[in-house]
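**Q** Everything below, folded, please.
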Amino acid sequence: MQTETLNIFLVVFAGLNIVVLIFTLRVVRKYTKEIEVIGKYAKEIENVQQALTRQSEELANQRRLSILPAFAAWLKPDESGNPIHRLYLRNVGKGIAVNIEIARIDFVSPSYEDSSTAPLIAPGEIDDYTIPKGKDGYSVFQPIQSLSPNSEQVVKSFNYPTDPDQVGEVIRQYGYTGFDFLSLIDEDTPVHIDFQDIEGNKYHQVITRKGDVFVPSPVKQANGAGMRVWRSSSTEPMSPNE
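**A** Model prediction:
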């Protein structure tokens, strides 16, 4: 009798376990479907967030391009009649440029160890390579506070010889104290410009002289988090005669 009672108890216990297991499986299946649905919605939400982020970045890019300054440069003879050149900047971008600074330019005259490689100078011509001797020096530029789109301005520059004794030599030979270092700007001495837009974003641009043409590079953002290139369709090469 006790054996039969024990068997009945085992059967009932096993049945209860089966019922609990079935119920558990149903609950797990239910929550699994809910988790799949939640995961699907989470993925959709993530996609929407990414789309909104891309749209925001694109709007920010369009905004920045709408106020982006960019420069072209060229040389002109000094209007006062001194035999030197002046550097001119034109804002060819769409926005106002502020806090415009041009980096110092160092000039070093070529040295010719072999006289056969030196340029031929006809009698009576000025030897630009040896007069004044060495012709080494540098030019510094006064910052420009602001420059509006389609506006141009001469950049005030100051030319200094590496050897101060050259000043006296120039005065004796030419009667003026100016050094025409700016005319020596070439591919090895590009013009580096740092500036900001009206929202305070910082930029950097390089303008290189190639022959008689000044070629501006794309504007690059310089906000410390890396350099981002901003291309302006307005930055066309400029010649000294423009």
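
**Q** what's the strand ranked longest in the chain packed up against?
**A** Ranked by residue count, the top strand of the chain under DSSP state E comes out as strand 202-210. When contacts are defined as 3 or more C-beta pairs under 8 Å, 6 or more residues apart in numbering; DSSP states H and E, strand 202-210 packs onto strand 71-77, strand 191-196, strand 213-216, strand 219-222. For glycine as for every other residue, the C-beta is placed from the backbone atoms N, C-alpha and C.

**Q** Does anything pack onto the last one? Which helices or strands?
**A** Spelled out, it's strand 219-222. Using 3+ C-beta pairs under 8 Å, 6+ apart, strand 219-222 sits against strand 202-210, strand 227-230.

**Q** Can you point out the buried residues in the first one?
**A** Burial within strand 202-210, assessed by neighbour count using 16 or more other C-beta atoms under 10 Å, is assigned to 203, 205, 207, 208, 209.

**Q** Let me know the closest of these to residue 34.
**A** Minimum distance to residue 34 across the buried residues of strand 202-210 is 51.8 Å, recorded for residue 203 (C-beta to C-beta).

**Q** Specify the beta-bridge partners of the residue nearest to the closest one when sequence neighbours are not counted.
**A** Closest residue to residue 203 apart from its sequence neighbours, by C-beta to C-beta, 6 or more residues apart in numbering: residue 219 at 5.1 Å. Note on residue 219: beta-bridge partners by DSSP bridges are residue 230.

**Q** now do residue 204
**A** residue 194, residue 220.

**Q** Might one say that residue 90 is in contact with residue 76?
**A** No: with contact defined as C-beta atoms under 8 Å, residue 90 does not count as touching residue 76 (11.8 Å).

**Q** Between the two, tell me which one has more neighbours.
**A** The neighbour count for residue 90 versus residue 76, taken as other C-beta atoms under 10 Å, is higher for residue 90 (20 against 14).

**Q** ok, for the more buried one, nearest residue in space, not its chain neighbours?
**A** Closest residue to residue 90 apart from its sequence neighbours, by C-beta to C-beta, 6+ apart: residue 152 at 3.9 Å.

**Q** State the number of residues packed around that neighbour.
**A** 17.

**Q** Wait, it touches residue 88, no?
**A** Yes: Residue 152 is within contact range of residue 88, at 5.6 Å (criterion: C-beta under 8 Å).

**Q** Looking at the buried residues of strand 202-210, which one is closest to residue 181?
**A** Using C-beta to C-beta, the buried residues of strand 202-210 come closest to residue 181 at residue 209, 12.9 Å.

**Q** For that closest one, list each beta-bridge partner.
**A** Counting by DSSP bridges, the residues bridging with residue 209 are residue 214.

**Q** Tell me the pLDDT of it.
**A** For residue 209, the pLDDT comes out at 92.

**Q** close enough to count as contact, it and residue 185?
**A** Yes: counting by C-beta under 8 Å, residue 209 does reach residue 185; the two are 4.8 Å apart.

**Q** residues shared between the contacts of the two?
**A** Common neighbours of residue 209 and residue 185 (criterion: C-beta atoms under 8 Å, 6 or more residues apart in numbering): residue 191.

**Q** which residues touch the closest residue to residue 158 other than its chain neighbours?
**A** Spatial nearest neighbour of residue 158, excluding adjacent residues (C-beta to C-beta, 6+ apart): residue 140 at 5.2 Å. Residue 140 sits next to 104, 157, 158, 160 when contact means C-beta under 8 Å, 6+ apart.

**Q** residues touching the last one, list them.
**A** Residues in contact with residue 160 (C-beta under 8 Å, 6+ apart) are 137, 138, 139, 140, 179.

**Q** That concludes my questions; thank you for your assistance.
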